[in-house]
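[1] here's a sequence, model it:
(one chain, ligands or ions: 1)
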Amino acid sequence: MSGNNIKVVCRFRPQNSLENREGGTPIIHIDDAGENVALKGNDYNGGFAFDKIFGMDTKQKDVFDYSIRSIVDDVVAGYNGTVFAYGQTGSGKTFTMMGADIDDENTKGIIPRIIEQIFQSIMISPANMEFTVKVSYMEIYMEKVRDLLNPSQDNLPIHEDKSKGVYVKGLLEVYVSSTEEVYEVMRRGSENRVVASTNMNAESSRSHSIVMIAITQKNLDTGAAKSGKLYLVDLAGSEKVGKTGASGQTLEEAKKINKSLTALGMVINSLTDGKSSHVPYRDSKLTRILQESLGGNSRTTLIINCSPSSYNEAETLSTLRFGMRAKTIKNKAKVNADLSPAELKALLKRVKSEAVTFQTYIAALEGEVSVWRTGGTVPEDKWVSIDKIKSGDFSALPPASGFKSPIPEDTSRPATPATVLEKDEREEFLKRENELMDQIAEKVRKSKDDSSDILWDETELATREKLLESMKEELGLFKDQEQTMIKENQQMTSELSELKLQLQKVSYESKENAITTDSLKETNQELAAELEELKKNLAEMRLSHKSNADSEKEKKKAEKMANIFSGFDASGEITEKERHIRNALHRLDGDNGSTLSIEELASVRRELAESKSLLEQHTKTIDDLSNEKSTLEAKKTDLEIRLNTLEVEYEELLDKTIAEEETAEDKTVDIAETVSNLKVKFLLPKNQIMFYAFPSAIYRTILISQVKLESQYASKKELQEKEVEQLKQEVERKSNDFEKLSSAMADLKAANDELQNALSAQPRQGTSDLTEKEKDMERMRKSMAQQLADFEVMKKALMRDLQNRCEKVVELEISLDETREQYNNVLRASNNKAQQKKMAFLERNLEQLTNVQKQLVEQNSSLKKEVAIAERKLTARNERIQSLESLLQDAQEKLISQNQKFEAQLQAVRERLEQARSSKSQNSMAALSFGRIAKPLRGGATVTDSGSPTSPTDDKRDRRTSWIPGFINSR
Ligand SMILES: Nc1ncnc2c1ncn2[C@@H]1O[C@H](COP(=O)(O)OP(=O)(O)OP(=O)(O)O)[C@@H](O)[C@H]1O
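    Numbers count the residues shown, from 1 in each chain. Below you'll find the model as predicted:
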């Protein structure tokens, strides 16, 4: 070590991936001696000299061997030592100090190596040397000192006193006796360190960590003791916030880190500028703790870690400059030694002798002063000086009345104060011996107390562990409860939201239903109005049709009757034949039978007979006609009955088919569909209603019915056509008969005329003959008149009958025509599309409209019911929701109160846990089976081939433990 100056070594790590990615290149050059580094950067080009410079590929072992090993020797020799690593974040401080893996020979850092070295040094020290090693591990995080071995202590105060110097109060110090134990302690402490990931380092230390190793040693022979403290400091990295990408908590940490590093820089500046009278150690916890290491009683090594890359040129330059400044800090290291009794004795002796000398000197001075005061003079060569006193040359002193030489006057040789001092010394020594004996007794007692304390502690520990277990269980229970409650809460919240959704849905549906109801009502009203109109139209049509039919019927009847009776004298005028006969009779009456010849009479008679036979024939024909008429009437009635039956059958068939189809198909036709169909219907033109208005099922039904009806109508049409044909033929025949009758009547008339002529042309014959002839004629005339009268009566009756029959025939014909018309209508209705539509419109649509109206009314009422139900449901749901909400409210309140209770309990448990932990860690540091009792280590071991020393014999250790303080070493 270069005197008392801080030793500064510099280490460059290899370029990292970020630097490579960013195109960084190494900009350093280290000379062969490893003492100078040249930085060839963009902003700076120059060199720096340090005690040692390690390049990028330097091994951990080399760093330790070349720069740290000596400091361990110093500490073992009783000096204070400090090794601290400084550098930008990610520059390799932790890698250098702790290493990548403390169990890996190659990558373990200097701290494990120091520890190993310490134990090796202890082992190879003389056998009369006894050592104790204590370890503490702390970090300064966010300007708070945290005990890493007892993390509950996270803000420890820093104190200072004369004997201890600056120290952290309450910091746990663990006694260790082997490397493994220290490693264990290190591992435990490292677990509690605060690290975070930044852009520059995946595991960036966010705090300054300080491992403190205190070594005390005692020379068992002389009792001389020394103590050295070694501080191993891994500083948090200085960082540029922009580069590290720090934000949030990491940013806050960065600010604090930079602040404390700035304070460190200020301390170094003050120590090195040669002007400052005040060093601002108190500006940060870091500088306060490292007070002795910087310019104080410590041998300090600073390792500056740097990046070799151009990417971090500025940071590297700043670090190198920091190192350069620190290099000039001068420390005042000294051995921290406790004197042995012999040394103390010698010292006491020396001090006492000095005291006597000074007392003599004072007495001599007082003598000289008294001379001067009494007005006398003292020659210069007699003046009192300390040298004369020390040399014992009292003759050269001025004679003074009050001065008493410490040398007994009755002795021949100048007495030294040794005789007196020896006596005092003996007393002093005895006193000191007593004190030491007291101290030993006290220590023994304390040791016993501690043993009992341990026992007590163990039972206490067991109790507390039990308590801890039960608390953990309780905690688990509470956590379970909390989880359950959270789950319940979540469930209830989801239920509530579901209910709310349902409510919204229901209200929405209800609104929609109300709207649908309104629209249905409107549709219903429109339909009802349309139905009324249709009914009115239908009634009007029926009425007009009926009146038309009636008037047409009357007209037809009159025409037919006129046709039929066109050959007859409707006003009772006689036919030709009749007139002929009548004329013949008149001539007979007027000429007294003279004008009629016998031939004429005979012909008249013949004609009369013919007429009679014709009349009989006509009567017969009329009878036949009347028979035929009754047959026709019967047929008409039959036809009417059949027509009615057909209509009834048709209706039944239609109903049945529709019913069947409706049953076969979806019986419950969706109201919405019907409604929407109805909507469609009312939106479409009226002539398309049949094709779009009804559901497919109904439409299909109608089509099927139509086909069936068509076939029925076809068969019936054929039948009725045949019948109509027959009726036509009969009417034809009857017309022929009438024609024949008319022609017969015309023949009769002609015969009558001839008879008349014959009667008028007959000459007057003899009186006798005449009288006889007259008589005959009279008789004939009478009989003819009688016959004529009879014929007249008969004719009239016949005519009446004929007229009646004709009327009936005409009526029959008309009704036949009507029937034909009806059949034609039916026929047309079946065949003609327009008629079919019309008929459909008039019949089916009417029927369907009625059905729809009925359906609508039903739907309306059912919708009303549903709306009422929905409203009731809504109200019920509202109530339910309200009750659920209130329940939820209650549950939430309960949950909150339970949470609060739980929080309080948790807090209490935590506190208890914390207490238990702290007492546990204080009482027995993590049940490490080491730590709370000092374990003295003895030197005198031999170093094995492997380099590790063998430990001294256990009996020696046992023997010496009796007086070693075993205490819970929390200051
Ligand atoms: N000399 C080296 N050789 C190989 N790798 C190294 C070296 N120095 C550091 N590293 C690697 O670089 C990374 C950062 O190192 P480290 O954590 O030691 O940096 P740091 O200075 O402690 O950073 P911070 O200040 O952020 O804690 C680590 O992954 C480490 O393994």
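
[2] who are the contact partners of the closest residue to residue 471 other than its chain neighbours?
    Distance criterion CB to CB, 6 or more residues apart in numbering; nearest residue to residue 471, sequence neighbours excluded, is residue 909 at 5.1 Å. Placement of C-beta: from N, CA and C, glycine included. Residues in contact with residue 909 (CB atoms under 8 Å, 6 or more residues apart in numbering) are 471, 474-475, 478.

[3] make CSV from the residues you listed and add distance to residue 342 to it.
    Below are those laid out as CSV (distance: CB to CB, whole Å):
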residue, distance to residue 342
471, 56
474, 62
475, 60
478, 65
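
[4] restricted to strands, list these.
    Using DSSP state E, no member of these falls in strands.

[5] which of the residues you listed sits closest to the ligand?
    Minimum distance to the ligand across those is 34.3 Å, recorded for residue 475 (CB to the nearest ligand atom).

[6] picking up where we left off before, could you tell me how far the residue nearest to residue 471 is located from the ligand?
    Going from residue 909 to the ligand by CB to the nearest ligand atom, to the nearest Å gives 35 Å.

[7] separation between that residue and residue 915?
    11 Å (CB to CB, to the nearest Å).

[8] what helix or strand is residue 72 on?
    Element membership of residue 72, judged by DSSP states H and E, is helix 69-76.

[9] the helix or strand that comes right after that helix pairs with which strands?
    Following helix 69-76 in sequence order, the next helix or strand is strand 81-87 (DSSP H and E). Take DSSP bridges as the rule and strand 81-87 pairs in its sheet with strand 225-234 (parallel), strand 299-306 (parallel).

[10] which strands and helices sit next to the helix holding residue 72?
    Counting contacts by 3 or more CB pairs under 8 Å, 6 or more residues apart in numbering; DSSP states H and E, helix 69-76 packs against strand 81-87, helix 110-124, strand 208-219, strand 225-234, strand 299-306.

[11] possible to save these as JSON lines with distance to the ligand?
    Below are those laid out as JSON lines (distance: least, CB to the nearest ligand atom, whole Å):
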{"stretch": "strand 81-87", "distance to the ligand": "5"}
{"stretch": "helix 110-124", "distance to the ligand": "12"}
{"stretch": "strand 208-219", "distance to the ligand": "9"}
{"stretch": "strand 225-234", "distance to the ligand": "7"}
{"stretch": "strand 299-306", "distance to the ligand": "6"}
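
[12] closest one to residue 797 among the ones you listed?
    Nearest of the helices and strands packed on helix 69-76 to residue 797, taken as CB to CB: strand 208-219 at 152.7 Å.

[13] quickly run through the sheet partners of the closest one, with directions.
    Paired with strand 208-219 in the same sheet, following DSSP bridges, are strand 129-141 (antiparallel), strand 225-234 (antiparallel).

[14] tabulate these (JSON lines), appending distance to residue 655.
    Formatted as JSON lines, the strands paired with strand 208-219 follow (distance: least, CB to CB, whole Å):
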{"stretch": "strand 129-141", "distance to residue 655": "95"}
{"stretch": "strand 225-234", "distance to residue 655": "102"}
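
[15] mind putting these in CSV, mean neighbour count and mean pLDDT included?
    Below are the strands paired with strand 208-219 laid out as CSV (neighbours: other CB atoms under 10 Å; pLDDT from 0 to 100):
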stretch, mean neighbour count, mean pLDDT
strand 129-141, 23, 91
strand 225-234, 22, 91
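
[16] of these, which is nearest residue 356?
    Residue 356 lies closest to strand 225-234 among the strands paired with strand 208-219, at 29.5 Å (CB to CB).

[17] and stretch 100-112, how far apart are its ends?
    End-to-end distance for stretch 100-112: 11 Å, by CA to CA, to the nearest Å.

[18] and that stretch, what's buried?
    By 16 or more other CB atoms under 10 Å, the buried positions in stretch 100-112 come out as 102, 108-112.

[19] likewise for stretch 174-191?
    174-179, 181-186, 188-190.

[20] for the strands paired with strand 81-87, which one sits closest to residue 625?
    Counting by CB to CB, residue 625 lies closest to strand 225-234 out of these; the figure is 143.9 Å.

[21] next step: the buried residues of stretch 174-191 restricted to strands.
    Among the buried residues of stretch 174-191, the members that lie in strands (by DSSP E) are 174-176.

[22] how many neighbours does residue 476 have?
    Counted by other CB atoms under 10 Å, the residues lying close to residue 476 total 10.

[23] same question, residue 63
    Neighbourhood size, residue 63 [other CB under 10 Å]: 19.

[24] next one: residue 318
    16.

[25] after the helix or strand hosting it comes which helix or strand?
    Assigned by DSSP H and E, residue 318 belongs to helix 313-327. Note on helix 313-327: by DSSP H and E, the next helix or strand toward the C-terminus is strand 337-338.

[26] which other residues reach that next one?
    With contact meaning CB under 8 Å, 6+ apart, strand 337-338 is reached by 78, 224-227.

[27] tell me the one among those residues nearest to residue 252.
    Comparing the contacts of strand 337-338 against residue 252 with CB to CB places residue 227 closest, at 38.3 Å.

[28] hmm, the closest one is touching residue 77, no?
    No. Using CB atoms under 8 Å, residue 227 is not in contact with residue 77, being 10.8 Å away.

[29] rewinding a little: now the contacts of residue 909: which count as buried?
    Neighbour counting with 16+ other CB under 10 Å marks 471, 475, 478 as buried within the contacts of residue 909.

[30] same for the ligand: which of those are within range?
    Contacts with the ligand are made by none of the buried ones among the contacts of residue 909, judged by CB under 6 Å from any ligand atom.

[31] apart from its neighbours in sequence, what residue is nearest residue 261?
    Excluding the flanking residues, the one nearest residue 261 by CB to CB, 6+ apart is residue 238, at 5.1 Å.

[32] that neighbour: what's it in contact with?
    Contact analysis of residue 238 by CB under 8 Å, 6+ apart lists 86-89, 257-258, 261, 315, 318-319.

[33] the same query, at a cut-off of 7 Å, please.
    Residues near residue 238 by CB atoms under 7 Å, 6 or more residues apart in numbering: 88-89, 258, 261.

[34] that one and residue 205, how far apart?
    12 Å.

[35] doesn't residue 90 belong to a helix?
    No. Applying DSSP: H, G, I helix; E, B strand; the rest coil, one finds residue 90 to be coil, outside a helix.

[36] touching, it and residue 305? I think so.
    No. Using CB atoms under 7 Å, residue 90 is not in contact with residue 305; the gap is 9.2 Å.

[37] out of the helices and strands packed on helix 69-76, which comes closest to residue 37?
    For residue 37, the closest of the helices and strands packed on helix 69-76 is strand 299-306, at 8.6 Å, according to CB to CB.

[38] what's next to that closest one, contact-wise?
    Contacts to strand 299-306, defined as CB under 7 Å, 6+ apart, come from residues 1, 6-13, 67-68, 71, 74, 79-87, 91-93, 96, 293-294, 316, 319-320, 322-323, 326, 331, 333.

[39] which positions in the protein make contact with the ligand?
    Applying CB under 6 Å from any ligand atom, one finds that the chain approaches the ligand through 13-14, 16, 87, 89-95, 100, 201, 203-205, 236-237, 305.

[40] and the helix holding residue 318, how far out from the chain middle?
    Helix 313-327 has its C-alpha centroid displaced from the chain centroid by 53 Å (CA atoms, centre = their mean, to the nearest Å).

[41] what lies in contact with it?
    With contact meaning CB under 7 Å, 6+ apart, helix 313-327 is reached by 5-6, 8, 10, 27, 39, 41-44, 48, 50, 86-88, 265, 268-269, 272, 302, 304, 306-307.

[42] mean confidence for it?
    The average pLDDT for helix 313-327 rounds to 91.

[43] and the angle for it with strand 81-87?
    160 degrees (axes from the mean of the first three to the mean of the last three CA atoms, to 10 degrees).

[44] please enumerate the helices of the stretch 151-300 of the chain.
    179-191, 241-244, 249-272, 285-289 (DSSP state H, counting those that start in this stretch).
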